[in-house]
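[1] only geometry, no sequence info:
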């Protein structure tokens, strides 16, 4: 009954969604920043994101530098100090946020589209890029803030595990170190480091701008020029080194006084534009990526009650991001949970999914496509992603067809090639017996 | 500047068949069995969210039975007479949907997000489990373990969450806000499937629920579908909910929570009325503005003066929930900056509190907050889910969803004098509870969990 209903609906949906996919406009600013724009006239607001290829992967021998740089721009610009910058954004009703992780350094701005609000907010963001003052007091405070964050990580078994996991998977690769840096590396950072980092990476050719909102093309062009138009043209950041495969299995055990043990198992995964992207994405959806319906959750949680959250996911990045398989369980159940987890993954890698599972997963992914682009915020996130990773402009238009084209053989083949269970990293954080 | 807000028109079902329905319209109706249905049209994307809100949560529970509402929420995915365990999730998944549920002090909520034409599938399933849950004992035995793992993950192993739990237990004596939503571990260990059956039979009925739908739907056709599935369900006699009002606090309360941690942490909370309990309707809005003065954005006083300025806090926040069902706390929390102590942080927070009691807030400060509130009202239209959440929260806590649309005008009407008045009236020591997380060293090797004072049992 349900199956028949759903099938008929999904055909109708496929036809419909092709029309509903946002049409992306793109151009370059005169100084070389790539802009991606989708008009959305329904709500009188604008979302803007500026993404630099200036994440922690660019830290070099100064872990924490990308995060420090990203957060220092709010500390002073032109004649304004940190208080004045915050007051101005707040009084305009604008929301401005920054984050930096391994690949990206991101700045977001959400404003009303009324130009009396939008224009000054955009000018202020531009001032942060163009005339950062990097004041000594702000720098010292930010350093302390980063040191506190490092301490906070040490009281969270989840974050301890994640940090150790990246170190073990990535060895000497720039992705190995934590974006927040270490105590020693953060203490050694100087404003001069930030200045040099900005000069190299906060440049137009290394920037992607995403705009979604109630404005037309000329207004969007003007907005992009306002925000990044005065950046030096510069150059794109050089390619990152490729991620090596692990040459052996490694187990990391970390003692922590928690009632649960947190378990992470994984290997280097895939890139954003990976040729196996869709096969691995669909396969993982079946194995551990679709919440309680996936195999891992079914075996660990539904059948045995061993964990609240048991999952697997690929984190596609510029170079191969990690494939992470994880759970957390009361410490005396660690071995049992880990055995079930390994067996579940092993069976999947060896045999692949069933036809029925494949069909069910495709239905979920394609049938839920409309939910991926149902708000300005989500569309802006996609634009930034498409722009930053150089995905084709019609990525969203062909998404459903690509998912539907994935075959059982492709999933099996991709998992066999890419997930070598004899060479995984296993991290456990908890009371070690 | 006045933003144009989406119009809210409460129409009777009978009048709905005329003309096209424009975005922002809200259609309210009540089925014969007492279930309230609120449909808000938002045509921006071909999707819809459906949320079923039950008037039951941890604040309806009693000693020895804490965590029932949340455990039942987990069991709602474990099958009905028609659908075996987990089938609900599988069907929603195959239809491209996202679904989940959440439990709070005052509500238990189930939601699905779907491409709009598939909404009927979710409605049929929700109607089915409103009355036909089977609650198999074998499934319960596994699921209660999952809930205990959830408690370990969220609370036992998080020093700040442990502090918060004990803070609430210290602040509230007779009010059920004393108990954590997930329940005390000892109560989870002693929970029986019969307890859940009774809880389900008591509270899960159409006349104790509100269905909220927001999205690209035709309100007339959708209401017809709702009636088709939910209409035949029988209402129950819902027990009278005792007020369980908090006893008057007679002086400041202080507790210490010792747990393995790296960073100390401070919580402070003053007992305050909320919209549902306030004798003076303006007071909750003045408290809301006070929270804005202190912590509304990066330019607000706590960020400006404590994180920057004095650099006494690594983080500092203030919060107030005016839509709560019963009296709540106006709360502060924070972590001292490097080289500063909990005492320094508390002194600095108290200095800020003294300031709002003694001095009127400057007009430009107020203007800044009002600008943010005006903009936020526009921004929230970007999320169907958030709009549905607002409607559901209000309706479930005995308030009207129409208050959402009044909010802006109410906030705009708040004066500096009113903010000072509520600060003077409520931010006083006799209403205050203070909790301090005292870090125990996280050593490598044989570290035993400390004994917990009065709260969570760790086995």
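    That came through fine. Keep in mind that what you see is a predicted model, and the values were worked out from it rather than measured. Numbers count the residues shown, from 1 in each chain, chains lettered A, B, ... in the order given.
[2] what about residue B:109, which SS state?
    What DSSP: H, G, I helix; E, B strand; the rest coil gives for residue B:109 is strand.
[3] isn't it right up against residue B:101?
    Yes - counting by C-beta atoms under 8 Å, residue B:109 does reach residue B:101; the two are 6.3 Å apart. From N, CA and C alone the C-beta is placed, and that goes for glycine too.
[4] The two: which is more packed in?
    residue B:109 (23 against 17; other C-beta atoms under 10 Å in any protein chain shown).
[5] Looking at chain B, which residue is nearest chain A?
    Nearest residue of chain B to chain A: residue B:96, at 2.2 Å (C-beta to the nearest C-beta).
[6] For residue A:322, which residues count as its bridge partners?
    residue A:268 (DSSP bridges).
[7] for the one 5 residues further on, same thing?
    Taking DSSP bridges, one obtains residue A:263 as the residues bridged to residue A:327.
[8] Tell me the residues of the stretch 51-200 of chain A that contact chain B?
    Listed as neighbours of chain B in the stretch 51-200 of chain A under the rule C-beta under 8 Å from any C-beta of the partner chain: A:74, A:82-83, A:86-87, A:89-95, A:110-112, A:114, A:116-117, A:141, A:144-145, A:147-148, A:151-152, A:154-157.
[9] Quick one, which of these are buried?
    Using 16 or more other C-beta atoms under 10 Å in any protein chain shown as the burial test, these include A:74, A:82-83, A:86-87, A:89-95, A:110-112, A:114, A:117, A:141, A:144-145, A:147-148, A:151-152, A:155-157 as buried.
[10] Strands - which of those land there?
    Using DSSP state E to define strands, the subset of those located there is A:95, A:110-112.
[11] quick one: stretch B:212-226 near chain A?
    No - if you take C-beta under 8 Å from any C-beta as the test, stretch B:212-226 misses chain A, and the best it gets is 8.7 Å.
[12] Quick check: buried residues in that stretch?
    B:212-217, B:219-220, B:222-223, B:225-226.
[13] One more: stretch A:179-187?
    Buried residues in stretch A:179-187 (16+ other C-beta under 10 Å): A:179-181, A:185-186.
[14] What count of nearby residues applies to the nearest residue to residue A:405 once chain neighbours are set aside?
    In this structure, residue A:405 finds its nearest non-sequential neighbour in residue A:278, 7.3 Å apart by C-beta to C-beta, 6 or more residues apart in numbering or on different chains. A count of neighbours around residue A:278, defined by other C-beta under 10 Å, yields 20.
[15] need the strands for chain A, in chain order.
    Using DSSP E, strands in chain A cover A:25-28, A:34-39, A:45-52, A:76-77, A:80-81, A:95-100, A:105-112, A:207-213, A:250-255, A:260-268, A:311-314, A:322-330, A:425-430.
[16] meant to ask about chain B, not that
    Going by DSSP E, chain B shows strands at B:26-30, B:36-41, B:47-54, B:98-103, B:108-115, B:209-215, B:253-260, B:265-272, B:313-319, B:328-336, B:432-440.
[17] what angle separates the shortest one from strand B:36-41?
    Strand B:26-30 runs at 160 degrees relative to strand B:36-41, counting by axes from the mean of the first three to the mean of the last three C-alpha atoms, to 10 degrees.
[18] tell me what strand B:26-30 is packed against?
    Packing partners of strand B:26-30 (3 or more C-beta pairs under 8 Å, 6 or more residues apart in numbering or on different chains; DSSP states H and E): strand B:36-41, helix B:219-230.
[19] hmm, who's touching the shortest one?
    Taking C-beta atoms under 8 Å, 6 or more residues apart in numbering or on different chains as the criterion, the residues outside strand B:36-41 that touch it are B:21-31, B:209-217, B:219, B:222-223, B:226, B:230, B:387-388, B:391, B:395, B:401.
[20] Swap in 7 Å and give it another go.
    With contacts defined as C-beta atoms under 7 Å, 6 or more residues apart in numbering or on different chains, strand B:36-41 is touched by B:21, B:23, B:25-31, B:210-214, B:217, B:219, B:222-223, B:226, B:387, B:391, B:395, B:401.
[21] With stretch B:376-394 instead?
    Under C-beta under 7 Å, 6+ apart, the answer for stretch B:376-394 is A:43-45, A:110, A:112, A:375-377, B:3, B:5-6, B:38, B:40, B:42, B:47, B:49, B:51, B:53, B:109, B:113, B:210, B:212, B:214-215, B:323, B:400-401, B:403-404, B:408.
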